[in-house]
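Participant: I'll drop the sequence and a predicted model, then ask my questions.
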Amino acid sequence: MATTYLSLSEEQHRQLDAGLAALSKDQDLDKLMNLAVLNSSWQADDPAGLKLASNMPKEFYVQFRDIAEKCNQSGQWKSFRIAVHEYLHPPRSRVRTRLVLPPDFYRQDDEATQKSWEEPFIGDAANVLRETIINHTETLHLNLYSMSMSIIQSSGTGKSRLIDELAHTIPIVSLNTRPSNHSGFPAADEQVRDFLDITDDTSDAADKKYYCFLSALFAVLHRYFETTLNERVGIGGSNWSLSEKLRYLMTHEQTCSAQGPMRIEFYSEVLKQAKAYVGNLAPVDDNSLVNNAKALKKWLPDGTPLVLAIDEAHGLVQGVSQDDQGLVHLSRQLRKIVGERHIFTVLLSLAGKIQSYMTPAYMYPSSRRRAGRLCVLPPFTAVGFDQLAQEAVEENKLLLDRMISDEFMAMFGRPLFGSRYKHGSKEIKLGILDFASQKLRGGGSMPRSLSASATLACLATRLALQFKPTSLDEQLEQVEQHLRICLSMVKEDLETAITIAPSEPILAEASALITSLQPGGQTLPSLLRDTLLGTPGLSLGDRGELAGLLLLTMTRDTIVYPRHAAQSTTNRSIPLPLFFKTLLGIPNLDATLPVNVADGDEGAAFGEAFKDSRIHFNHFVKVTDSEVINRDFLWMIASRGAGILCADRQLGINAILVAVLDHKKPLGPDNIVIILLQMKNDKSYQLEFRGHLYSIMNPYLLRILEKSGPCNDIPFIRLVFALASSEAGAYRLTRPRTSPGARFKQDVTTSFTSYDFWCAGISKETFPVVGGEEHVYRDILNREVFGNNDYMALQHEPREAEVLKKSSNPATCKNEDHWRYIKKKAVEGKVAKVNVGTEVQVMAADDEDNQEGHANKRRKFC
């Protein structure tokens, strides 16, 4: 049992030490470590230790070798046993246990959801949507099929809340047609959804049903605008605008399980009228819909349309063919009132495929080239990101302990997780990571193995995958089921989507949790190869960037989520020396000396220099602007637990990690360690290092540091991954064997401290985390594809739509719209008001061929 492991008496410790001492002359250190775990576990009756000793992984030896060396020298192994015990049985605060739901958990869940809804709306999305709708109604669209537009975005981004906020300034009639087998807030209008079910109707009957429903809706609205609406809001709302009165009718006393009584009564009247029309019990003709729509105009303020907002519009997709769906019949009826520009329809859905159901039949691919075709309005996607994290990060104020918390990570990205955490009970807060993992997987309990689409979602969230599937349906499935963000649906036929998996720390941690709980054979590398290598449009980079990011991510997960431990830890702050000992197969790494030493720096050895340093990251973001590669931006990116995949054509480096130099001090540009990585998937780079690569990785050439900037005493760690090398090995570089004043002529200045490493070959000798999966990594290195993104505001969207789309991909570009979560004063004078896409255009003074002529000046390796 775990408690007796720490209860070994001093006499028992001495006996165990004596046994190891007797074997120390004949056994190597690894064998002694195995025996120390085996004997201690047997003495303490610890099954977890016995299991570990029977199949001890490579990373265990790497992690515990230093302490084992000291224990072997002293002959006293007690500290080793205690360290192993804590490794196998983390303290309760670090143990991840299965959350036991209290009996009233679902009530708590509903309360958290409703409280989140009542929070003040944050951001500009409502104003942007309002301007977009008005621009559409005021613009003469030639050949427009209907005055309708879809709002397409993944779950939790605030689509419904956006419409509710818009309802303060524009009259909105809300309708929720969520399918009966789904739940959510606001609740479905069940009676309307059931009435509009056309599963058993002929096409003509379905057209008539939708025609009669819209005619009845406008007729009842007219009566409400005349008298009933004022009666419903009472004296207290007598001075409200029409928009506010209608919003009160639509939302008053709504709950997670049902709409409010006034809304239910309203739609009961609508359905009573619609059924009378359908049964020919009330007069209705071909002009009724248009006439009823026209009658509403007198009640509307000048220039303000009436909006019919249908939430969860995918609930109207029924039937077996695309041209016989509820949305198709709705579209046909809306076509009849296209000339009534004061009536505008908005369809909310996380399913991008609803756009195709609003498209005229002859715009389908079979007749796409038909001349004079009608057009549809492009969907609205600009909902924004980081609403709850705006100005949450302030320079020299944020401590690492807060950075790694669920609460802090949940603030970033879509508002779903942050608002749920803020308003949730203790159980809701403890379960936020499980909730995020469920949403990312697409719902349901944790499966024994992930589906291909769920695997793609998990990997894209962490590894900055640039993914453009050849099939629109495949791409939109990621938006609908797995929280991918849709930036735009582009081109005239709206059959191409631009989607991304942006920086969301809580989802990245959820992804790490999901993959750590997969069966033993389904490791992160194997999941990537088996599920994704056959997926068209996946960008793996031409220099092996993805394999490099995978190695870094696996190193992090090996420490945070060890598969062989009895429990997974949630201590996400990793000592920097431990991280590198786990990553690299270099003995006595702590003794590594810097290659370059900044003026005034003592040049301490690696272990001493970084004894207080910690690293925290759980995902990568791909930046698109080289000017982000600067110390003033790098600490900001690190605050959201992100590493950096550099922009295409970035000089000298492919990826960056940022650690906290002294974890007891706040994060800021002067308290960081910058780790620069260059990946090479080129067989010309072998075991022998190339000095010119490090010269190009000069932080002044890269403009990470400025000559005229503040004190440049932050240390650097520079690594080259020669992944295609046929020879394997990792080693440290040493200082040049020249006089202290001698410098390579490529170096603008070497007044910076750096610890340099050369890592050749994708093997366990170089990278212990590779283990027995060398062939998996080599498969990954064999793929090369490219990708790109676009934030352009569409024709009738205001400029602010571009701002919101950029905010949906945080921390990737110098433009201020990507940094809305940073305290304003931290970025003043650093961000660009207009994204000009400036890139570093610095070339090394000597090319590779010239370097061959300066072999005598190369640094030597040990």
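Facilitator: Received, thanks. Residues are numbered from 1 along each chain as shown.
Participant: the nearest residue to residue 482 once chain neighbours are set aside and residue 517: what is the separation?
Facilitator: Nearest residue to residue 482, sequence neighbours excluded (Cβ to Cβ, 6 or more residues apart in numbering): residue 457, at 3.4 Å. Where C-beta positions appear, they are placed from N, C-alpha and C, glycine not excepted. For residue 457, the distance to residue 517 equals 15 Å [Cβ to Cβ, to the nearest Å].
Participant: between those two, which is the more surrounded one?
Facilitator: residue 457 (27 against 15; other Cβ atoms under 10 Å).
Participant: tell me the contacts of the more buried one?
Facilitator: By Cβ atoms under 8 Å, 6 or more residues apart in numbering, the contact set of residue 457 is 440-442, 478, 481-484, 501, 511.
Participant: helix, strand or coil for the residue nearest to residue 482?
Facilitator: helix (DSSP: H, G, I helix; E, B strand; the rest coil).
Participant: from residue 485, how far off is it?
Facilitator: Distance, residue 457 to residue 485, using Cβ to Cβ: 12 Å.
Participant: list residues touching both of those two?
Facilitator: Joint contacts of residue 457 and residue 485 (Cβ under 8 Å, 6+ apart) are residue 501.
Participant: where does the stretch 201-350 of the chain dip in pLDDT?
Facilitator: 318-324 (pLDDT under 70).
Participant: which residue ranges of it form helices?
Facilitator: With helices called from DSSP state H, counting those that start in this stretch, the stretch 201-350 of the chain shows them at 203-223, 229-233, 242-251, 261-278, 288-295, 326-335.
Participant: out of these, which is the most enclosed?
Facilitator: helix 326-335 (a mean of 23; mean count of other Cβ atoms under 10 Å).
Participant: state the number of residues packed around residue 720.
Facilitator: Counted with other Cβ under 10 Å, residue 720 comes out at 24.
Participant: so it touches residue 690, yeah?
Facilitator: Yes. At 7.4 Å, residue 720 counts as touching residue 690 under the criterion of Cβ atoms under 8 Å.
Participant: what touches both of these two?
Facilitator: By Cβ under 8 Å, 6+ apart, no residue touches both residue 720 and residue 690.
Participant: which one of the contacts of residue 457 is nearest to residue 551?
Facilitator: Distance to residue 551 across these (Cβ to Cβ) is lowest for residue 511, with 16.9 Å.
Participant: tell me which residues touch residue 12, please.
Facilitator: residue 43.
Participant: just say helix, strand or coil for it.
Facilitator: Classified using three-state DSSP, residue 12 is helix.
Participant: pull the contacting residues for residue 511.
Facilitator: By Cβ under 8 Å, 6+ apart, the neighbours of residue 511 are 437, 440, 457-459, 461-462, 619.
Participant: what subset of the residues you listed is buried?
Facilitator: 437, 440, 457-459, 461-462, 619 (16 or more other Cβ atoms under 10 Å).
Participant: residue 47: which of those is nearest?
Facilitator: Using Cβ to Cβ, those come closest to residue 47 at residue 437, 27.8 Å.
Participant: so when I look at that closest one, I'm seeing a helix, right?
Facilitator: Yes. Residue state for residue 437 (three-state DSSP) corresponds to a helix.
Participant: what about the strands in the stretch 401-550 of the chain?
Facilitator: 466-467, 485-490, 496-500, 538-539 (DSSP state E, counting those that start in this stretch).
Participant: can you redo those as TSV with mean neighbour count and distance to residue 382?
Facilitator: TSV is the format used below for the strands of the stretch 401-550 of the chain (neighbours: other Cβ atoms under 10 Å; distance: least, Cβ to Cβ, whole Å):
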stretch	mean neighbour count	distance to residue 382
strand 466-467	22	21
strand 485-490	22	9
strand 496-500	21	12
strand 538-539	20	25
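Participant: now render those as CSV, adding distance to residue 546.
Facilitator: Converted to CSV, the strands of the stretch 401-550 of the chain look like this (distance: least, Cβ to Cβ, whole Å):
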stretch, distance to residue 546
strand 466-467, 10
strand 485-490, 20
strand 496-500, 16
strand 538-539, 8
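Participant: quick one, which of those gets closest to residue 384.
Facilitator: It is, among the strands of the stretch 401-550 of the chain and with distance given as Cβ to Cβ, strand 485-490, at 10.4 Å.
Participant: quick check: mean pLDDT of that closest one?
Facilitator: Strand 485-490 comes out with an average pLDDT of 84.
Participant: now for it, which elements pack on it?
Facilitator: If contacts are counted by 3 or more Cβ pairs under 8 Å, 6 or more residues apart in numbering; DSSP states H and E, strand 485-490 sits against helix 472-482, strand 496-500.
Participant: on that earlier part again, out of the contacts of residue 511, which is nearest to residue 191?
Facilitator: When the contacts of residue 511 are compared against residue 191 (criterion: Cβ to Cβ), the nearest one is residue 440, at 33.7 Å.
Participant: ok, the closest one touching residue 510?
Facilitator: Yes. In this structure, residue 440 is within contact of residue 510 by Cβ under 8 Å, at 5.3 Å.
Participant: who touches both of the two?
Facilitator: With Cβ under 8 Å, 6+ apart as the test, residue 440 and residue 510 both reach residue 461.
Participant: quick one, what contacts the closest residue in space to residue 384 that isn't next to it in sequence?
Facilitator: For residue 384, ignoring the flanking residues on the chain, the nearest one in space by Cβ to Cβ, 6+ apart is residue 804 at 4.1 Å. Contact partners of residue 804, counting by Cβ under 8 Å, 6+ apart, are 123-125, 128, 382-385.
Participant: okay, which residue is most central for this structure?
Facilitator: Centroid-nearest residue in the chain, with Cα atoms, centre = their mean: residue 504, separated by 3.4 Å.
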